[in-house]
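**Student:** The following comprises the amino acid sequence and a computationally predicted model.
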Amino acid sequence: MKKTSKRDEGFTLIEMLVVLMIISVLLLIALPNMSKNTDMAGGKSCDATKKLVQTQVGAYEVEHGKLPDSLDVLVAEKYVDHITCASGKKLVLNGRQVVIENE
């Protein structure tokens, strides 16, 4: 009959703590990079929405011969579905340009 020692039965507490420390360090390295990428993606998404709405302002001007009074007119007449960015920032019309409100 083979005799087994306690060592063969499983992991020790020290081994588990070392693994947890390694995982923690990896998470500390990865999480800031992921949040930075999320912020950058949100900005790019807002820029894309702004360009789309700007294009639709031009289409409205061509069809009606004048600029819309506000961007809400574009939504009402089904030129665009929404005039907000994914981050919740609202787009407004400033002359001929579409800009992010409070910027």
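**Tutor:** Looks like it came in fine.
**Student:** So what's the model's average confidence on the helix or strand hosting Leu28?
**Tutor:** Secondary structure from DSSP states H and E places Leu28 in helix 13-64. Averaging pLDDT along helix 13-64 gives 88.
**Student:** Which SSE is immediately downstream of that helix?
**Tutor:** Following helix 13-64 in sequence, per DSSP H and E, is helix 71-76.
**Student:** ok now the helix holding Leu28, how far from the chain's centre?
**Tutor:** Mean-position distance between helix 13-64 and its chain equals 4 Å (CA atoms, centre = their mean, to the nearest Å).
**Student:** Could you list every helix and strand in contact with it?
**Tutor:** In terms of contacts (3 or more CB pairs under 8 Å, 6 or more residues apart in numbering; DSSP states H and E), helix 13-64 is packed against helix 71-76, strand 91-94, strand 97-100. (Glycine included, C-beta is placed from N, CA and C.)
**Student:** middle-most residue in the protein, spatially?
**Tutor:** Gly42 (3.2 Å; CA atoms, centre = their mean).
**Student:** Could you report the distance from that residue to Lys51?
**Tutor:** In this view, Gly42 and Lys51 are 15 Å apart by CB to CB, to the nearest Å.
**Student:** Val73 contacts Tyr60, correct?
**Tutor:** Yes. The pair Val73 and Tyr60 qualifies as a contact (CB atoms under 8 Å) at a distance of 7.3 Å.
**Student:** which of these two has more neighbours?
**Tutor:** Tyr60 (19 against 15; other CB atoms under 10 Å).
**Student:** Now that one: closest residue in space, sequence neighbours ignored.
**Tutor:** Pro68 (5.2 Å; CB to CB, 6 or more residues apart in numbering).
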